[in-house]
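mind folding the following:
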Amino acid sequence: MIDLDRLCRAEWGRLLSSLIRSFGDFDLAEEALQDAFAAAVVDWVEAPPNNPCAWLFGTARHRAIDRLRERARSVTLLSELLPFDERHVQTTGENNAVPDERLRLIFTCCHPALSEESQVALALRTLGGLSTEEIARAFLVPLPTMGQRLVRAKAKIREASIPYVIPTAEELPERLSAVMAVLYLIFNEGYGASHGRERMRLALCKEATDLTRLLRELLRSRLNVASAEVDSLLALMLLHGARQGSRVAADGEVVLLEAQDRSLWDRAAIDEGSALVQRALGGGPPGSYALEAAIAAVHAESESAAVTDWAQIAGLYQRLIAIHPSPVVALNRAAAVAMSEGPAAALPLLEELAQPLAHYHRWHAARADVLRRLGRAPEARGSYERASELTQNESELRFLRRCIEELAPGAAKS
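Presented below is the predicted three-dimensional model:
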């Protein structure tokens, strides 16, 4: 039995990019591929294909051509497409064993004619395997807003005849910032899944890390460039990824940082990540990825939460805010202040973020934790309840419900 959900997650981006290259139309390619997966649900019940990707690509291609006929589009275009060899998808599939093809396709999506935010959103939607809702949550904007941004980006590509072609080596540097943002956000979605049953989507974490490592080698080998920010991005992923084995209990429950078994942390990944960030920090003024990696290194190299240098972490977050202002960064700084200076010092910082993070469940959870530590149980319980209403991840929801139960009137105190 073929797991279509897993296949869709793994192959959607590659199949879609092949269709876009063939037809030059994002919407047509997406609609056709959706049709192909819908057909697979029915047709594969009794007779699953030997090569699922080739079947999906061929079916989507035929559906796209049918749609073109229905729209009475150019006969010339149809005549050019009809001889297209469906074995192309098999060739692409063989190359997909090496992430170079996927990385180059991300570069392709990050066309400088679009705003960087549109580049990143489009690449995440087209190749990153993220839904529009997941992308909206990553950008902290409402779902309709992100949907409109994607529509406008596709329309600009179509109206301006922006070619969907793999860029040359000379064109890579101007797209680097957007590509790194894509990889960063793919990793983030994997490390803290915004919805679903699992706390983490480890396949996304691994793919983002592998592609970032490949990006680093690509810059060095093709362009003879050593990028401190790419090194830092890889370091950040390695340092966070090193802790993944301790973040979720056997029963699927969230394990907070202070309760994690640090003997389960991957020391080899920590050593590699720490070495990368040390080199990056020694090469000039640090960028945002370098500062984030430095924060992760402080956590990873601490023997326990109790001896962690929270004041240093708060200071690093302050430097990060200076070069990359963000309410989420400010939220993380407030959490570090709560640990270094106490919850009373952190509460005003959290309250300043009430408006921009009103619909972000982690702000409500952080506020609840601070209120709990201040002995304001009823208010803390209310904030936990609001966080539980906003989260769409089942693992986080179970954790938040447990926090709510522990603060219920008459609950036993630990």
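
what's stretch 105-121 in contact with?
Residues outside stretch 105-121 that contact it (C-beta atoms under 8 Å, 6 or more residues apart in numbering): 13-14, 17, 122-123, 126-128, 135, 139, 146, 149-150, 152-153, 156-157, 160, 162, 164-167, 172, 174-175, 177-179, 181-183, 185, 211. For every residue, glycine as well, the C-beta is placed using N, CA and C.

now, of those residues, which are buried?
Buried subset of the contacts of stretch 105-121 (neighbour count, 16 or more other C-beta atoms under 10 Å): 13-14, 17, 122-123, 126-128, 135, 146, 149-150, 153, 156-157, 164, 167, 172, 175, 178-179, 181-183, 185, 211.

so which of the residues you listed are in helices?
For the buried ones among the contacts of stretch 105-121, membership in helices holds for 13-14, 17, 122-123, 126, 135, 146, 149-150, 153, 156-157, 178-179, 181-183, 185, 211, with DSSP state H as the criterion.

so who does Cys205 touch?
For Cys205, the contacting residues are Phe187, Gly190, Tyr191, Met237, Gly241, Gln244, taking C-beta under 8 Å, 6+ apart as the criterion.

check what pLDDT the second one gets.
Per-residue confidence (pLDDT) for Gly190: 88.

surely it and Arg199 touch.
No. Gly190 is not in contact with Arg199 according to C-beta atoms under 8 Å; the separation is 10.4 Å.

where along the stretch 51-200 of the chain do the strands fall?
Listed in chain order, the strands of the stretch 51-200 of the chain (DSSP state E, counting those that start in this stretch) span 195-196.

low-confidence regions, it specifically.
For the stretch 51-200 of the chain, the stretches with pLDDT under 70 are 72-101, 129.

quick one, what contacts the residue nearest to the spatial centre of the chain?
By C-alpha atoms, centre = their mean, the mean C-alpha position of the chain lies nearest to Ile186, the distance being 2.3 Å. Contacts for Ile186 (C-beta under 8 Å, 6+ apart) come out as Leu124, Gly128, Gly129, Leu130, Leu204, Glu207, Ala208.

spatially, which residue comes closest to it, not counting chain neighbours?
In this structure, Ile186 finds its nearest non-sequential neighbour in Ala208, 4.3 Å apart by C-beta to C-beta, 6 or more residues apart in numbering.

look up how far Leu130 lies from that neighbour.
Plainly put, Ala208 is 11 Å away from Leu130 if you go by C-beta to C-beta, to the nearest Å.

and what of Pro378?
Applying C-beta to C-beta, one obtains 38 Å for the distance of Pro378 from Leu130.

against Leu114, how distant is Ile162?
8 Å.

find residues that contact each of the two.
With the criterion set as C-beta under 8 Å, 6+ apart, the overlap between the contacts of Ile162 and Leu114 is Lys156.

same for the strand or helix carrying Ser232, what does it pack against?
Ser232 is part of helix 228-241 when elements are defined by DSSP states H and E. With contacts defined as 3 or more C-beta pairs under 8 Å, 6 or more residues apart in numbering; DSSP states H and E, the packing partners of helix 228-241 are helix 176-191, helix 202-222, helix 267-281, helix 288-301.

can you give me the helices in the stretch 251-400 of the chain?
267-281, 288-301, 310-323, 327-340, 343-351, 361-373, 377-390, 394-406 (DSSP state H, counting those that start in this stretch).

on that earlier part again, and of the helices and strands packed on helix 228-241, who's closest to His364?
helix 176-191 (19.1 Å; C-beta to C-beta).

now that closest one and helix 228-241, what's the angle there?
Relative orientation of helix 176-191 with respect to helix 228-241: 0 degrees, computed using axes from the mean of the first three to the mean of the last three C-alpha atoms, to 10 degrees.

pull the distance from helix 176-191 to the chain's centre.
When C-alpha coordinates are averaged (C-alpha atoms, centre = their mean, to the nearest Å), helix 176-191 and its chain have centres 5 Å apart.

and what of stretch 133-153?
Worked out by C-alpha atoms, centre = their mean, stretch 133-153 lies 14 Å from the chain centre.

swap in stretch 399-412?
Going by C-alpha atoms, centre = their mean, the spacing between the C-alpha centre of stretch 399-412 and its chain's C-alpha centre is 31 Å.

so for that stretch, mean pLDDT?
86.

could I get the buried residue list for it?
Applying a neighbour-count criterion of 16+ other C-beta under 10 Å, the buried positions in stretch 399-412 are Phe399, Leu400, Cys403, Ile404, Glu406, Leu407.

could the C-alpha coordinates of it be exported in PDB?
Extracted in PDB, the C-alpha atoms of stretch 399-412 (Å, rounded to 0.1, in the frame of the first residue of the first chain):
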ATOM      1  CA  PHE A 399       1.000  20.100  27.000                       C
ATOM      2  CA  LEU A 400      -1.100  23.200  27.300                       C
ATOM      3  CA  ARG A 401      -4.100  21.300  28.600                       C
ATOM      4  CA  ARG A 402      -1.900  19.700  31.300                       C
ATOM      5  CA  CYS A 403      -0.700  23.200  32.300                       C
ATOM      6  CA  ILE A 404      -4.300  24.300  32.600                       C
ATOM      7  CA  GLU A 405      -5.200  21.300  34.700                       C
ATOM      8  CA  GLU A 406      -2.300  22.000  37.100                       C
ATOM      9  CA  LEU A 407      -3.600  25.500  37.700                       C
ATOM     10  CA  ALA A 408      -7.200  24.500  38.200                       C
ATOM     11  CA  PRO A 409      -8.600  25.400  41.700                       C
ATOM     12  CA  GLY A 410      -7.900  22.700  44.100                       C
ATOM     13  CA  ALA A 411      -5.200  21.000  41.900                       C
ATOM     14  CA  ALA A 412      -2.400  19.400  43.800                       C
END
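
need the contact list for Ala311.
Contact criterion C-beta under 8 Å, 6+ apart gives Ser340, Glu341 as the residues in contact with Ala311.

look up how far Ser326 lies from the nearest residue to Arg373 once chain neighbours are set aside.
Excluding the flanking residues, the one nearest Arg373 by C-beta to C-beta, 6+ apart is Pro343, at 4.2 Å. Shown here: Pro343 relative to Ser326, a distance of 22 Å by C-beta to C-beta.
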